[in-house]
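Undergrad: Structure for the following, please:
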Amino acid sequence: MSERTRVLELDDVTLRFGGLTALDSVSFHIDEGEILGMIGPNGAGKTTAFNAITGVYQVTSGEVRFAGRSLAGLKRHAITKLGIARTFQNIRLFGSMTALENVLVGADANHSTGVLSALFRTAKHRREEDDGHERGMELLEFMGLASRADELAANLSYGDQRRLEIARAMATGPKLLCLDEPAAGFNPQEKAQLMELIRRVRDRGFTVLLIEHDMRLVMGVTDRIVVLEFGKKIAEGTPAEIRDNPAVIAAYLGVDEDAS
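TA: Okay, here's the model as predicted:
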């Protein structure tokens, strides 16, 4: 079997805010086509790691590499163009825009034409608009939202808004899709549907990095899991390995793993 392509690498990444060390020499990688889970108690550094990967924060030391390229100094929009997209723990849709318009915002990230082309309605700009519209409707169909394309995002149910945000992120054409707490606020049935959706997203050729508190969902959908506690990586492995790891059990249950 050929070796899988490495999509993302964190190499001894440390991130400090004044005297607070939010990430402490964290290293892990994601291979193409993987679903990697990132878990840990509240305050473990999971969202901070997402922010370091997506350019919200610049790391203090160490390196984040995407497809072999360092992301040091790159702005968020440049990282999106390279092929990393994310959702947020708190939904960040444009409520006064329709579902389709929200997805088109994501598609616009890959357009090569600028303001002048849009102003003069050049042929290339019109082609990109048409392609974006087709792509947007395809993604809404994939999410089961095609019939609601013209509804305002603010009027969609909570679950539909979650799916719309994933569709908008996918519209940027990423190689790596970072999902931050996508099951937050979901009931058990919605979580089961989300697990199936994440698998289908991977089957469409996306690599997925998932932060999630729901352990059943994480254990059921991921290929590997990275565990953080107080900004440090304390474990990494398959779901079965993580489930039985004493350090992970101690982190979640608050027990002394060295106690007899």
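Undergrad: now the helices: where do they sit in the protein?
TA: All helices of the chain, identified by DSSP state H, fall at 46-53, 76-82, 99-108, 115-120, 123-142, 158-171, 188-203, 215-221, 239-243, 246-253.
Undergrad: closest to Glu151 out of those?
TA: helix 99-108 (5.8 Å; C-beta to C-beta). Just so you know, the C-beta spots here come from the backbone N, C-alpha and C atoms, and that holds for glycine as well.
Undergrad: and the direction of the closest one versus that of helix 158-171, what angle?
TA: With axes from the mean of the first three to the mean of the last three C-alpha atoms, to 10 degrees defining the directions, helix 99-108 sits at 30 degrees from helix 158-171.
Undergrad: Let's check: the centremost residue of this protein is which one?
TA: Cys178 (1.0 Å; C-alpha atoms, centre = their mean).
Undergrad: how much space between it and Leu104?
TA: Applying C-beta to C-beta, to the nearest Å, the value for Cys178 to Leu104 is 21 Å.
Undergrad: for the stretch 1-150 of the chain, which spans come out with low pLDDT?
TA: For the stretch 1-150 of the chain, the stretches with pLDDT under 70 are 1-3, 109-128, 130.
Undergrad: how distant is stretch 55-66 from the center of its chain?
TA: On the basis of C-alpha atoms, centre = their mean, to the nearest Å, stretch 55-66 sits 16 Å off its chain's mean C-alpha point.
Undergrad: what comes up buried for that stretch?
TA: Residues Gly55, Tyr57, Val59, Gly62, Val64, Arg65, Phe66 are the ones in stretch 55-66 that count as buried (16 or more other C-beta atoms under 10 Å).
Undergrad: start to end distance for it?
TA: End-to-end distance of stretch 55-66: 12 Å, with C-alpha to C-alpha, to the nearest Å as the criterion.
Undergrad: Now do the contacts for the nearest residue to Asp108 once chain neighbours are set aside.
TA: In space, and not counting its chain neighbours, Asp108 is closest to Gly132: 6.8 Å by C-beta to C-beta, 6 or more residues apart in numbering. The contact partners of Gly132, taken as C-beta atoms under 8 Å, 6 or more residues apart in numbering, are Leu104, Ala107, Asp108, His111, Ala171.
Undergrad: And the helices of the chain: which comes nearest Glu229?
TA: Nearest of the helices of the chain (C-beta to C-beta): helix 246-253, 4.5 Å.
Undergrad: Export the closest one to PDB, keeping only CA atoms.
TA: Extracted C-alpha coordinates of helix 246-253, given in PDB (Å, rounded to 0.1, in the frame of the first residue of the first chain):
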ATOM      1  CA  PRO A 246      -5.000   5.900  31.600                       C
ATOM      2  CA  ALA A 247      -3.800   9.500  31.000                       C
ATOM      3  CA  VAL A 248      -7.000  10.300  29.100                       C
ATOM      4  CA  ILE A 249      -9.200   8.600  31.700                       C
ATOM      5  CA  ALA A 250      -7.400  10.700  34.400                       C
ATOM      6  CA  ALA A 251      -7.800  13.900  32.400                       C
ATOM      7  CA  TYR A 252     -11.600  13.400  32.000                       C
ATOM      8  CA  LEU A 253     -12.400  11.900  35.400                       C
END
